Each structure stands twice: as C-alpha cells, then as structure tokens.
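# Got a sequence here, can you model it:
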Amino acid sequence: MADLSNQPASPAKARVEAMSPVEAKLSVCTIDTKPEDDEFDSDLGTPTSPKDAFGDDERETCGMFANHVFYGPSGHKDTEHVLHDTRRVELNHPKLKLPYFKSEPQDAGRMSVIYGGPQSVTELPPARRSVMTMARSNLPKISKSLPGLPSFLSRTKKAPVDADHAMAFCDGCGEHPIKGTVWSCSVCVNYNLCGLCYSQGIHGLENTPAMTMYQELTIHDKLKKRCKAMTSEFLGVLFRDICKMQPGKFEHLGNWLAGIIDKKTDASKIIARGVEIPGLSVEIRQNFVGLLMPLVSNRTDIQVYVEWVPDEAGPNLEKLRIWMSDQKTRTKTPFSQAVAQSIGAQ
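Coordinates of the predicted model:
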C-alpha cells in the first residue's frame, strides 16, 4: 500500500524527522472521515471547482501565425519601416525586469533565429547560478542599436503618433491611434500592433515553445515579487514537474501557494482551502514536498497539511493534496476521502 501522510506544517511540526518521540506524538491528529457540512467542493482548487486550472488539459498546438513577421523601424530614430525577423525572448534590457519579445531588421546582417533551446529555463544545464541568470546567458543577444524599451513600448500621452500610421488601429489591445511605434504584419492586410502588444508575442508566437518560455519567466518574476520566500529551485520544480510546463497551471497554483506561504496574507483571504494534484511519481512528490515544507513552516496562524494517496490512473502514481486549516472555523479536511496518517512517511 502506498505511503500516506497528513503532515501539519507549523513551526513546531515542519521537520518531522527531527522530532523526539514525544514531539512526534503531539503532532499526530486524527483525520475526520466526514466532509465538512458546507459544500466542500467550493473550497478546493480541484477539477470539481471553477477556480481550478488542473481540470482540463491545455491544447498544445503550433501558432497559426508562427511564420508571420512584421514591418517595423530600422533603428532608434529612423522612421523607415523594414521587414524584421522572428521575435525572440529578451531578458537583457538594463531598465526592465520582465522578459519581452524583440526582433531585428532582416537586413541587419544576422540570420533570423527562432528560439530552439530548452523548452524551459529549468532544463538548462546545471550551474551555480540562478534560473534567471542561466536564462540570460543562454538567450541570443539583441543589438543595442535597435529600438529599445521602454521607448518603443511607450503608450503615454507624450508618445508621438507615427506620421505614416496616423490612423493605425492596434488589433491586439484596440489602441487608436497607436502612439509610438507601429508594427505591421507582412502577411495579413491592415493588421497592426502597438509596441506593447508586439513585445508580448501577439499574432505569431501563441502556443509556441518561445511563448511558453516567455510566460514561464513572466510568471516566475511575478511570483518572486509577490512572495520573496519562493526560491528559484522551488518555482522550477513547480513549473516543470508539478504543472507539467503549462503556464496557466503554474500561475494558478503558484499564486495559491504564495498566499499560503506569505505570512502577510490573512487566512480569511485564502479562498480555496485545498488543491489536489494528480499523476505524480513518488520521486517527484518527495522532491516537491521536501522543498515546500520549509516554506510553509513559519506561519503560526494557519496549519498546512500535505497528504498523498494512490492515483487510480497508474500503479506508481500518486495524488498530492495540500490544504490549510485556520485553526478556528475551517479545521476539517476539505476532501471527501480522508486518508490514514503516517507521520514522516516518504
């Protein structure tokens, strides 16, 4: 029978293996086999809940506009519009912290490059550097002589309207007229983008490996900003192994865990009490739980429980359940099926 665990993560209970027999005994609690009286499904970030990002598989299709390149400025001050190459993820702008897409004119003396490296920065060769540092060192460099940020992304009232595109309408966000640089699709007639939409990969990079990487890096940065306790290693495992490299799931679960981990988040504001993650191998579950427990062990106002049960999808797969108790009114498991407890079993 698979190992089962219901492991509260309070300051006194996070490190079960280091406990004395007396301490371990105090940390054991009986799981009530009855669900709460209210509709427990509404408490869960599981397939039964509309808040869930784990219910349906995301479509993995190539972007139908993947080969569409754009006309854009040939330089910082040059108003002439020339054909650009395929956009690539860029991280090296000195003033920006978030990644963005950027391109070069095709006649800039460099062949067009479509990012074809690792699907995720977490798959880059291991080194004694952070995930973000590795990404910066492996991505292609962009010439500093080309339109930079934030100038060509400016959408403020001070940004001039391109004289040659005074009536241009942004098909991405609807801005009219477009202030600043206008990007025109070389294939679709009268399809224009503002600088911000162009930098986000709209019309050409949807559902591509480059977009997946862009979304991962963007969500990674946002989660780190929201909860500084989240390490790059933890976020890398969360994206690659738990969320199966699906940005939507990464953002959904990452934000929920950030609320659980961040001591500044009031327990009453954590809407979903539990999340169930199916289809995990024992090794992946052990690694993830090992990274998660130290992060949730510093809160005294809530207890975070981690459980795993066999997954009927496969003989060697498990379902991981994470749920919280505010130690006041929401103290019972939100899951309908209770599990036996084995403190420290892995």
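
# what's the closest non-adjacent residue to residue 251?
residue 219 (4.8 Å; C-beta to C-beta, 6 or more residues apart in numbering). C-beta coordinates here come from the backbone N, C-alpha and C atoms, glycine included.

# Who are the contact partners of the one you found?
239, 247, 250-251, 254 (C-beta atoms under 8 Å, 6 or more residues apart in numbering).

# Tell me the one of those residues nearest residue 169?
Taking C-beta to C-beta as the measure, residue 247 is the one of the contacts of residue 219 closest to residue 169, at 28.4 Å.

# Can you say which of the contacts of residue 219 are buried?
239, 247, 250-251, 254 (16 or more other C-beta atoms under 10 Å).

# ok, of those, which one's closest to residue 68?
Using C-beta to C-beta as the measure, the one of the buried ones among the contacts of residue 219 that approaches residue 68 most closely is residue 247, at 21.8 Å.

# Doesn't residue 324 belong to a strand?
Yes. Counting by DSSP: H, G, I helix; E, B strand; the rest coil, residue 324 is part of a strand.

# still on that earlier bit, please tabulate the buried ones among the contacts of residue 219 in JSON lines, including the columns distance to residue 330, pLDDT and secondary structure.
Formatted as JSON lines, the buried ones among the contacts of residue 219 follow (distance: C-beta to C-beta, whole Å; pLDDT from 0 to 100; DSSP: H, G, I helix; E, B strand; the rest coil):
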{"residue": "239", "distance to residue 330": "29", "pLDDT": "95", "secondary structure": "helix"}
{"residue": "247", "distance to residue 330": "30", "pLDDT": "92", "secondary structure": "helix"}
{"residue": "250", "distance to residue 330": "26", "pLDDT": "95", "secondary structure": "helix"}
{"residue": "251", "distance to residue 330": "25", "pLDDT": "94", "secondary structure": "helix"}
{"residue": "254", "distance to residue 330": "22", "pLDDT": "95", "secondary structure": "helix"}
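
# ok, back up a step: measure the residue nearest to residue 251 to residue 87 for me?
19 Å (C-beta to C-beta, to the nearest Å).

# now do residue 304
From residue 304 to residue 87 the distance is 41 Å (C-beta to C-beta).

# Look at the two and report which has more neighbours.
residue 87 (27 against 23; other C-beta atoms under 10 Å).

# which residue sits closest to the more buried one, ignoring its sequence neighbours?
residue 101 (3.9 Å).

# What residues does the one you found make contact with?
Residue 101 neighbours (C-beta under 8 Å, 6+ apart): 87-90, 198-201, 205, 210, 214.

# hmm, 7 Å instead?
By C-beta atoms under 7 Å, 6 or more residues apart in numbering, the contact list for residue 101 reads 87-90, 199-201, 205, 214.

# in which helix or strand would I find it?
Assigned by DSSP states H and E, residue 101 belongs to strand 100-102.

# partners of that strand, with directions?
strand 88-90 (antiparallel) (DSSP bridges).

# looking only at pLDDT, what's the mean for the strand it pairs with?
Average pLDDT, strand 88-90: 87.

# Residue 174: how many residues sit nearby?
Residue 174 has 9 neighbours, counted by other C-beta under 10 Å.

# hmm, I was thinking of residue 209
Using other C-beta under 10 Å: residue 209 sits among 17 other residues.

# Please report how far it lies from residue 274.
From residue 209 to residue 274 the distance is 32 Å (C-beta to C-beta).

# Now do the contacts for the closest residue to residue 185 other than its chain neighbours.
Closest residue in space to residue 185, ignoring its immediate chain neighbours: residue 191 at 4.1 Å, by C-beta to C-beta, 6+ apart. By C-beta under 7 Å, 6+ apart, residue 191 lies in contact with 171, 185, 203.

# The second one pairs with what?
Just to be clear, that refers to residue 185. Applying DSSP bridges, one finds that residue 185 bridges with residue 70.

# That one contacts residue 67, correct?
No. Counting by C-beta atoms under 7 Å, residue 67 is not a contact partner of residue 185; they are 10.8 Å apart.

# Which one of these two is surrounded by more residues?
Per other C-beta under 10 Å, whichever of residue 185 and residue 67 has more neighbours is residue 185, with 18 against 12.
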